[in-house]
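**Q** Fold the following, please.
(2 chains)
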Amino acid sequence: MRLRDKRCLITGGSRGLGRALVTTFARHGARVAFTYSTHDGDAAEAARLVEAAGGAASRVFKGSVADPAHVKATVDALAAEWGGLDVLVNNAAVTQVLPISLLEEADWDLVMDTNVKGAYLMTRAALRHMIRRRAGHVLMIGNFASERVIEAPAHYAASKAALRGLTDALAREVGRHGVRVNLLAPGLLDVGMSRALPQHRQDEYVARAPLGRLGRAEEVAEFAAFLCSDESAFTTAAKVVVDGGL
Amino acid sequence: MDDLDEVLRDGFDEYREFVNPLVFQRASLAGEPLRVTRAEDGRLVDAAGLEVEDLHGTQAFGHRHPAIADALRRFLATDAPSWYPSRVNPFAGRLARRLCERTGAYDNAFLACTGSDAVEAALKLARALTRRPGLVSLEGGYHGCTYGSLSLMQQGYLRDPFEPCVAGARAIPFGDVDALARALAGGDVAAVVVEPIQGEGGVRALPDAFVEALCDLTARHGTLLVADEVQTALGRTGRGFLATAGWPRRPDAVLLAKHLGGGLVPISAMLTRRDLFVRAYGEDFAAGESHNTTMGFNALSAVAALAALDLLTPDLLARVRDEGAWLRAALAERLGGSPLVREVRGEGFMLGVALNAPDHPWLGFEHFGYPGLRERPTIAPLVCHRLYRRGFFAFTCGHDWSVLRLQPRFDIPRERLAALVDAIAEAVAWVEGLL
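**A** This next block holds a predicted model:
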């Protein structure tokens, strides 16, 4: 129960890695809230799994992390209800598998707005409460696409690389207030956006990875739980890649 | 029964997991509207609220036409069985009669489930009748995925993995009268199978001279002339109920499928003449049942087909002809100046836009990460990719990826057709802008 009673907000929690994060955090004793943008049924299923994992009833917020009003309403509601926020996990992200020739400005903006601006908005809103309490942890979910040389959609890789910079800068800026900022970069997983990649790319990944398989969302979620726990209290500005050794 | 909302939530991923991950990935990568959750006024609506006009052609009446749905509900409200162990199914009998009367040229029908089933029925009819081995088709043809039907197609991804194919089957060049004459000269050909307008082959109508020779030569050599009208029949081409109705000689067999079931249930048919059926299968009771299908004669499908026939009024068929002509002219006018556009062709609501391959390495499949497809043109898939975003689910011809295939529903409003013209013009201009 390494996250017992920690008040955790996870963005993009309805599906894929996000769903594994909310259920794993609940299993570790956290009080879990999550956001989602589109799929009501998936969100309901994720909420059910949180309860099944032994957590208290989760708080669920529908909206885009790139929408400042949604972000403010979400964080304000949690702060009022919970009296603060201990952990923010910026997991919400979108991607499109497009070559640069077909990547349009609107595609670029969508990915950057969700993956980068969304993380900025959520982090800024959460930090207001964390810094006041002089404690807290922000975990960015990056991606191996920004860490390793492998073909990935350019805008997606750029957005995940931006989170590295955001992590570095913020960790230095808010460390003095006792707030930690880390980045966890998963490799290809057996759920979520990875599954949209063409089969030959997945095969290439498996062939090159020393562990010879795709990752499981739960494996990444367990590592995230560790990073967000007090057991890693001396860890900040870390960029941890969990990709099977690629 | 599983919860339907749950199916619409999880079933897409279950398809990827348990049916075919490559189909799922292809659709995702192409940007196709994938998570479609409902139909409204004939169109589709995806989970994000995007309204999608389906141009595949299978849904000629629009998705979930209320008249088809009502007919099925009325049947299910009775206590009539759907399947008859004797195989003597009154609903199949009525549908067969209605189909034959509607065509005015046939008096025997075999009902099945898919277009491929209908092709198989025709091939077996031809061999049983003539006792000859040869089966001739045209290059560029598409006939289905069963062994007989794929054997009629030329080399390619639909055929190569499954070799060897049915012995005696061969394709001759499209529209080549001399090749046809040579193929039939030996007197060993049971059937020639053609599409009046090749769909997957690039929306190519058979030339008149070839049709005349085809009708004449097959009659002279005692070879069955089979018209695969799976794509062209039931009003699609604007020529009427059948695209072959105006041929110098009516084919010995015509094959129907696609929207015969109103888009809600699968059903196909082979129509032929009673004398041919009796000569092929009339020897004894065993011969009479030597070709059959378990579920092809089910009442539910027949009821849907009867309702579909009611929808195919002369007015609707005339509308397909007239609106198709308008759409073709509008496309030709809007696209005429583009260096990427070769031709707008086709008839009725079976149209194709033939495009030139874009000459830039960053628009090739190799750059897209698919070196195995490097010889294929990307142009029609690129235009489709752009059209998806505008709510038009258009298609690339399966055998010719330089041709955009457009088969709207028959009742599509004029303003939607105009919007389609705008969207295609914009998509072509977008590709031009990438060069």
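**Q** residues touching the nearest residue to B:Gly168 once chain neighbours are set aside, list them.
**A** The shortest distance from B:Gly168 to any non-neighbouring residue, by CB to CB, 6 or more residues apart in numbering or on different chains, is to B:Pro133 (3.7 Å). C-beta coordinates here come from the backbone N, C-alpha and C atoms, glycine included. Listed by CB atoms under 8 Å, 6 or more residues apart in numbering or on different chains, the contact set of B:Pro133 reads B:Arg127, B:Ala167, B:Gly168, B:Asp188, B:Ala190.
**Q** and B:Pro133, backbone torsions?
**A** B:Pro133 adopts backbone torsions of phi -90, psi -30, taken as degrees, to the nearest 10.
**Q** Kindly provide the distance from it to chain A.
**A** 40 Å (CB to the nearest CB, to the nearest Å).
**Q** who touches A:Arg172 in this structure?
**A** A:Arg172 neighbours (CB under 8 Å, 6+ apart): A:Ala237.
**Q** near chain B, which residues of chain A?
**A** A:38-39, A:41-42, A:45, A:96-97, A:99-102, A:151, A:195-201 (CB under 8 Å from any CB of the partner chain).
**Q** Can you name the residue of the stretch 151-300 of chain B nearest to chain A?
**A** The stretch 151-300 of chain B approaches chain A most closely through B:Tyr157 (15.3 Å), counting by CB to the nearest CB.
**Q** Determine the three-state secondary structure at that residue.
**A** coil (DSSP: H, G, I helix; E, B strand; the rest coil).
**Q** least trustworthy helix or strand in chain A by mean pLDDT?
**A** Across the helices and strands of chain A, mean confidence by mean pLDDT, DSSP states H and E is lowest for helix A:199-208: a mean of 85.
**Q** just checking, what packs against it?
**A** Where contact means 3 or more CB pairs under 8 Å, 6 or more residues apart in numbering or on different chains; DSSP states H and E, helix A:199-208 is packed against helix B:21-30.
**Q** Next SSE downstream of the helix it packs on?
**A** strand B:36-40 (DSSP states H and E).
**Q** List the strands paired with that next one, with their directions.
**A** Neighbouring strands of strand B:36-40 in its sheet, by DSSP bridges, are strand B:43-46 (antiparallel).
**Q** what's in contact with the partner strand?
**A** B:33-39, B:51-54, B:62-63, B:393.
**Q** Can you flag the buried ones in those residues?
**A** Neighbour-count burial (16 or more other CB atoms under 10 Å in any protein chain shown) is assigned, among these, to B:Pro33, B:Leu34, B:Arg35, B:Val36, B:Thr37, B:Ala39, B:Val52, B:Glu53, B:Asp54, B:Gly62, B:His63, B:Phe393.
**Q** contacting residues around the first one?
**A** B:Pro33 makes contact with B:Leu44, B:Asp46, B:Leu50, B:Val52, B:Tyr388, B:Gly391, B:Phe393, according to CB under 8 Å, 6+ apart.
**Q** Would you tell me which one of those residues comes nearest to A:Val60?
**A** B:Asp46 (22.6 Å; CB to CB).
**Q** Please report how far the closest one lies from B:Phe395.
**A** 17 Å (CB to CB, to the nearest Å).
**Q** Look at these two and report which has more neighbours.
**A** Shown here are B:Asp46 and B:Phe395; by other CB atoms under 10 Å in any protein chain shown, B:Phe395 has more neighbours (20 against 16).
**Q** give me the number of residues near the closest residue to that one other than its chain neighbours?
**A** Closest residue to B:Phe395 apart from its sequence neighbours, by CB to CB, 6+ apart: B:Arg405 at 4.5 Å. As a burial measure, B:Arg405 scores 25 neighbours (other CB under 10 Å).
**Q** Regarding B:Arg405, which helix or strand does it belong to?
**A** strand B:400-406.
**Q** Please list the residues outside the next helix or strand after that strand that contact it.
**A** The helix or strand immediately downstream of strand B:400-406 is helix B:414-434, counting by DSSP H and E. The contact list for helix B:414-434, computed with CB under 8 Å, 6+ apart, reads A:101-102, B:53, B:55, B:323, B:326-327, B:330-331, B:334-335, B:338-341, B:353, B:355, B:358, B:360, B:362-363, B:379, B:382-383, B:386-387, B:390-392, B:394, B:404, B:406, B:408.
**Q** Count the residues that sit near the closest residue to chain B within chain A.
**A** Across chain A, no residue is closer to chain B than A:Gly41, which sits at 3.6 Å (CB to the nearest CB). Per other CB under 10 Å, the neighbour tally for A:Gly41 reads 16.
**Q** Same question for B:Pro164.
**A** 7.
**Q** What pLDDT is listed against it?
**A** The score at B:Pro164 is 96. That number is its pLDDT.
**Q** Check whether it sits in a helix, strand or coil.
**A** coil.
**Q** wait, does stretch B:376-385 make contact with chain A?
**A** Yes - for stretch B:376-385, a contact with chain A is found by CB under 8 Å from any CB, at B:Leu382, B:His385.
**Q** mind putting the contacts of strand B:43-46 in a markdown table, pLDDT included?
**A** Shown next, in a markdown table, are the contacts of strand B:43-46 (pLDDT from 0 to 100):
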| residue | pLDDT |
| --- | --- |
| B:Pro33 | 93 |
| B:Leu34 | 91 |
| B:Arg35 | 92 |
| B:Val36 | 95 |
| B:Thr37 | 93 |
| B:Arg38 | 95 |
| B:Ala39 | 96 |
| B:Glu51 | 97 |
| B:Val52 | 97 |
| B:Glu53 | 98 |
| B:Asp54 | 98 |
| B:Gly62 | 98 |
| B:His63 | 98 |
| B:Phe393 | 97 |
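**Q** from the residues you listed, which is closest to B:Val19?
**A** B:Leu34 (13.5 Å).
**Q** In space, what's closest to the closest one - neighbours in sequence excluded?
**A** Using CB to CB, 6+ apart, the closest residue to B:Leu34 is B:Ala27 (5.0 Å).
**Q** buried ones in the longest helix seen in chain A?
**A** Selection of the longest helix in chain A by residue count, based on DSSP state H, yields helix A:154-174. For helix A:154-174, burial by neighbour count (16+ other CB under 10 Å) applies to A:154-164, A:166-167, A:170-171, A:174.
**Q** quick one, strands of the stretch 151-300 of chain B?
**A** B:169-172, B:189-194, B:197-198, B:204-205, B:224-228, B:253-256, B:268-272 (DSSP state E, counting those that start in this stretch).
**Q** circling back: ok, the residue nearest to B:Leu34 - how many residues close by?
**A** 18.
**Q** Those residues of chain B touching chain A, which are they?
**A** Going by CB under 8 Å from any CB, the residues of chain B near chain A are B:5-6, B:8-10, B:16, B:21-22, B:25, B:28-29, B:31, B:47-48, B:360, B:362-363, B:367-370, B:382, B:385, B:434.
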